[in-house]
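Trainee: sequence-free structure coming up:
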């Protein structure tokens, strides 16, 4: 009986290993293709000293805030002190049942007229997109009363550390692009380096390699939701098609969808990667991301639900279905499948260890993998080594060589979080399919106690 069970385990392990191996090969070749595109088109980051002067635009920074009393005051004061721009306003969206956040915003607004408090007409939380729509409606009313037209909207979150030169970069690029995104650089908490650091690794790859490659291919540019600017005429076109609401109120990832919708309208987008000086910091948005496994799983589940599942239902594959666009959207939506493949791969490793132990206890030899599977494993090992080297390199560029080395063990943490987030995302999507309302499942935020001199 035990021998039959062991034989069944060995047979199952062979099938699972083959499935995982083939899917990992496809994913590895997919990533390698993006690397090739990036290497062919990459350019040195331009320096702020070479930023052409541009007439300053009138900018409104939208900051949706639900339960952000801990951070919003410090964030607003830091932004007012840091921004190097003559014409901007900080518009903060709050909810009538969030008195603590309202009080924190009013305290800053009383000291600086550039801070505007906007109350959502319904109690919170709704969705972030719904809050952004309230900010949009308030801006339209304000501009009509003021007699001056805001040129573009900048998006930020309540925990963001803005860069002083960010708005000047937007001024320059908004002359030719409807959307502009600057990099996002997660801050690493030394106390929770494994969890908070894996965000740094992933954003280093996405905003050093993936988005520049995407732009080079001419595919639509998804926004990160922070550190991005949208020209007013683009939002007006979206609003005209959506009963006056440019942001998709039912979306959990309105920023991602906004970038693709603007791209579908044929408007240009720009990923703007500038540095203060040669080898110096990026002009980027910096913020702390979740530093616990539970919070990271909840945040990534929302991203997966909004991009790979519910977002797929709403925006499909794009109106033109160009090969580059299809490829990039397939990459965007592979997260749930990738988690399943990871689960299969880790399961096969654990099962193989169990099989070897069982065969050793019985005193017989474990089955040897076939030649085809062995070749597949060797190729995948090579692709994995390349992937790890790229991850280490890109993280080191943004965070230093020590964090670059730390990016390698953090891969395991990232994989575990991805698998747990995929399970939660499927449950959330199931509830949405049965008519459940989308909710702002936000994580607790914090703002740095000490800010860098510049970045």
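Mentor: Okay, I see it. The structure presented is a predicted model; accordingly, all values stated were derived computationally and were not measured.

Trainee: measure stretch 64-83 end to end?
Mentor: 19 Å (C-alpha to C-alpha, to the nearest Å).

Trainee: okay, buried residues for that stretch please.
Mentor: Neighbour-count burial for stretch 64-83 flags 64-80, 82-83 (criterion: 16 or more other C-beta atoms under 10 Å). Any C-beta I mention is one placed from the backbone N, CA and C, and that applies to glycine too.

Trainee: stretch 228-244 now?
Mentor: Those would be 228, 229, 230, 231, 232, 234, 235, 237, 238, 239, for stretch 228-244 by 16+ other C-beta under 10 Å.

Trainee: any chance of those residues in TSV, plus secondary structure, pLDDT and distance to residue 112?
Mentor: Converted to TSV, those look like this (DSSP: H, G, I helix; E, B strand; the rest coil; pLDDT from 0 to 100; distance: C-beta to C-beta, whole Å):
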residue	secondary structure	pLDDT	distance to residue 112
228	strand	98	23
229	strand	98	21
230	strand	98	24
231	strand	97	26
232	helix	97	23
234	helix	96	28
235	helix	97	25
237	helix	96	32
238	helix	95	30
239	helix	95	29
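
Trainee: so which of those comes closest to residue 90?
Mentor: residue 229 (14.0 Å; C-beta to C-beta).

Trainee: what's the nearest residue to the closest one if we skip its chain neighbours?
Mentor: residue 170 (4.2 Å; C-beta to C-beta, 6 or more residues apart in numbering).

Trainee: who's in contact with the one you found?
Mentor: Residues in contact with residue 170 (C-beta atoms under 8 Å, 6 or more residues apart in numbering) are 57, 59, 152, 154, 180, 229, 272.

Trainee: also residue 62?
Mentor: 91, 93, 132, 135, 136, 153, 154, 155, 156.

Trainee: what does the model give residue 453 for pLDDT?
Mentor: If you check residue 453, the pLDDT there is 54.

Trainee: residue 187 now?
Mentor: For residue 187, pLDDT reads 96.

Trainee: and the closest residue to it other than its chain neighbours, how far from residue 343?
Mentor: Spatial nearest neighbour of residue 187, excluding adjacent residues (C-beta to C-beta, 6+ apart): residue 288 at 5.0 Å. Distance, residue 288 to residue 343, using C-beta to C-beta, to the nearest Å: 29 Å.

Trainee: more crowded one of those two?
Mentor: Legend: neighbour count by other C-beta atoms under 10 Å for residue 288 and residue 343, higher for residue 288 (20 against 17).

Trainee: so the more buried one makes contact with residue 159?
Mentor: Yes. Between residue 288 and residue 159 a contact is recorded at 6.3 Å, counting by C-beta atoms under 8 Å.

Trainee: surely residue 384 meets residue 28?
Mentor: Yes. Between residue 384 and residue 28 there is a contact under C-beta under 8 Å: 7.2 Å.

Trainee: settle it for me: which of the two has more neighbours?
Mentor: residue 28 (18 against 13).

Trainee: so residue 91: helix, strand or coil?
Mentor: strand (DSSP: H, G, I helix; E, B strand; the rest coil).

Trainee: mind checking the SS state of residue 290?
Mentor: coil.

Trainee: now swap in residue 154 and tell me
Mentor: Recorded secondary structure, residue 154: strand (three-state DSSP).

Trainee: got the contact list for it?
Mentor: Applying C-beta under 8 Å, 6+ apart, the residues near residue 154 are 59, 60, 61, 62, 88, 166, 167, 170, 228, 229.

Trainee: one more: residue 267?
Mentor: Neighbours of residue 267 in contact, by C-beta under 8 Å, 6+ apart: 177, 178, 179, 231, 234.

Trainee: the nearest residue to the second one once chain neighbours are set aside and residue 323, how far apart?
Mentor: Excluding the flanking residues, the one nearest residue 178 by C-beta to C-beta, 6+ apart is residue 267, at 3.7 Å. Residue 267 sits 21 Å away from residue 323, taking C-beta to C-beta as the criterion.
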